[in-house]
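A.B. asks: Compute the structure for the input listed below.
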Amino acid sequence: MVNYVLAAAARTQATAMLEELDAHRPYAAQRLAQGALAEMQTWPELTVRRVAESQTGARCSVAGAYEPGPPPQIIVADSASHARRDFTALHELGHHLQQNSFALMEAFARQPDGGVLLEDAACDAFAAEILLPAPLVEHHLAAGGPTAPALVELWRASGASRMAVCVRAVQHLPAPGHVLLLDADGKVVFAASHGLPPVRRGSFQGDIPTIAQARAGQGRAQGRTQVRYRDGILGRELHAQTAPVDGYLVAILVIDSAPWRAFTPPTKDTGPQAREYICEHCGEEYRSFEPACSACRVPHCPECGRCACPSRVTERLCPGCFIRHPPAMFADGSDRCLECS
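C.D. replies: Alright, predicted model coming up:
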């Protein structure tokens, strides 16, 4: 199963989201660009709440949450940065738009994970489209791709959040890679990815090559590195460049065509390869890095949620609903379950 999203797919979905927004609230995008949180607080169909960051969870790429309700709620973590709050509010508005439009949901059906990664990446792209107009982005980010210093200059010129700038930068990457925003402790505050498995918010990357060099010096470094995923798993080798940005560190990582070098051949795919499995129960073919069952050593199937262990209860297939049920769901002498009898 593919576990990444292409930046172009997220941006296409974001364009459709802007059209959906304009159909229901004409010119809302312009008002949101002036003050997203303040504008949304005037919408009667939404409840907007500000909470401590510890109350937002880690489901989104940002410190916020969306609760479909009813009534629907947009939850934004309190932050010292007004720009960051606006980006988070727009990201969560993106979830609201996508989860309440059948037209926007159609894109999820074409995704191997049911659209989980696309939905979140599209929320980031939607927020960035509103906060950072294309002419300003194109003025600062060269056609050959963004460098870390250019990203910092775009942030200074725009007044938008660092997160919005990271999303715009990942849209201009010349090859699969990441744009990471790290705090002083080396933890990921925000990550935008293109063509590679996403990096989790809150993960520690402070000791990987190039990032460690940047933290030990003045924040500027370039070289090769590997990002760390769950359980310490390292991804493939990447070309990396960093720059300081007002107390944070921004890092651009790509597999090849690094804009800050004259020639960068593709790095070796040194990262782990997910093993292939065929589900014993539903026949689904899948790849997985998830922890394996301690008994059968097979990770759970993303389709039916089962590992390779035999069922503890003997099940029968009902010819009426084509669902496997335990014996208690069948009347004596009947081949159909109680629901279909």
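A.B. asks: that's a helix at E276, yeah?
C.D. replies: No - E276 is assigned strand when assessed by DSSP: H, G, I helix; E, B strand; the rest coil, not a helix.
A.B. asks: Now the closest residue to it other than its chain neighbours. Its backbone dihedrals?
C.D. replies: Spatially, and ignoring its direct neighbours in sequence, E276 is nearest to R287 (5.5 Å; CB to CB, 6 or more residues apart in numbering). Any C-beta I mention is one placed from the backbone N, CA and C, and that applies to glycine too. Taking degrees, to the nearest 10, you get phi -110, psi 150 for the backbone angles of R287.
A.B. asks: tell me which element W155 falls in.
C.D. replies: In this structure, W155 is located in helix 148-158 according to DSSP states H and E.
A.B. asks: cool, and R297?
C.D. replies: Element membership of R297, judged by DSSP H and E, is empty: it is in no helix or strand.
A.B. asks: quick one: it and A160, what's the gap?
C.D. replies: Per CB to CB, to the nearest Å, R297 is found 47 Å from A160.
A.B. asks: Neighbour count for the two, which is higher?
C.D. replies: A160 (25 against 9; other CB atoms under 10 Å).
A.B. asks: ok, the more buried one - contacts?
C.D. replies: A83, F87, A128, L131, L132 (CB atoms under 8 Å, 6 or more residues apart in numbering).
A.B. asks: Which strand or helix spans the third one?
C.D. replies: So that's A128. Under the criterion of DSSP H and E, A128 resides in helix 116-131.
A.B. asks: Now that helix - C-alpha only, CSV.
C.D. replies: Taking C-alpha atoms only, helix 116-131 is exported to CSV below (Å, rounded to 0.1, in the frame of the first residue of the first chain):
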residue,chain,number,x,y,z
VAL,A,116,-6.4,9.6,5.0
LEU,A,117,-3.0,11.1,3.9
LEU,A,118,-4.5,13.1,1.0
GLU,A,119,-7.1,14.8,3.2
ASP,A,120,-4.5,16.1,5.7
ALA,A,121,-2.1,17.2,2.9
ALA,A,122,-4.9,18.9,1.1
CYS,A,123,-5.8,20.8,4.3
ASP,A,124,-2.2,22.1,4.4
ALA,A,125,-2.3,23.1,0.7
PHE,A,126,-5.7,24.8,1.1
ALA,A,127,-4.4,27.0,4.0
ALA,A,128,-1.2,27.9,2.1
GLU,A,129,-3.1,28.8,-1.0
ILE,A,130,-5.2,31.3,1.0
LEU,A,131,-2.3,32.8,3.0
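A.B. asks: what is the mean pLDDT for that helix?
C.D. replies: Mean pLDDT, computed over helix 116-131, is 92.
A.B. asks: Same check on stretch 199-209?
C.D. replies: For stretch 199-209, the per-residue pLDDT averages 94.
A.B. asks: One more: stretch 158-177?
C.D. replies: On average, stretch 158-177 scores 94.
A.B. asks: Now do the helix holding W155 against helix 116-131: the angle between them, please.
C.D. replies: 50 degrees (axes from the mean of the first three to the mean of the last three CA atoms, to 10 degrees).
A.B. asks: and helix 148-158, what does it pack onto?
C.D. replies: helix 134-140, helix 162-170, strand 238-245, strand 248-254 (3 or more CB pairs under 8 Å, 6 or more residues apart in numbering; DSSP states H and E).
A.B. asks: Quick check: buried residues in that helix?
C.D. replies: Buried residues in helix 148-158, counted by 16 or more other CB atoms under 10 Å: A148, P149, A150, L151, V152, E153, L154, W155, S158.
A.B. asks: Widest-spaced pair of these?
C.D. replies: A148 and S158 (16.0 Å; CB to CB).
A.B. asks: how close does the closest residue to R25 other than its chain neighbours get to H24?
C.D. replies: Counting by CB to CB, 6+ apart, the nearest residue to R25 once its immediate chain neighbours are dropped is W43, at 7.9 Å. Using CB to CB, we find W43 at a distance of 10 Å from H24.
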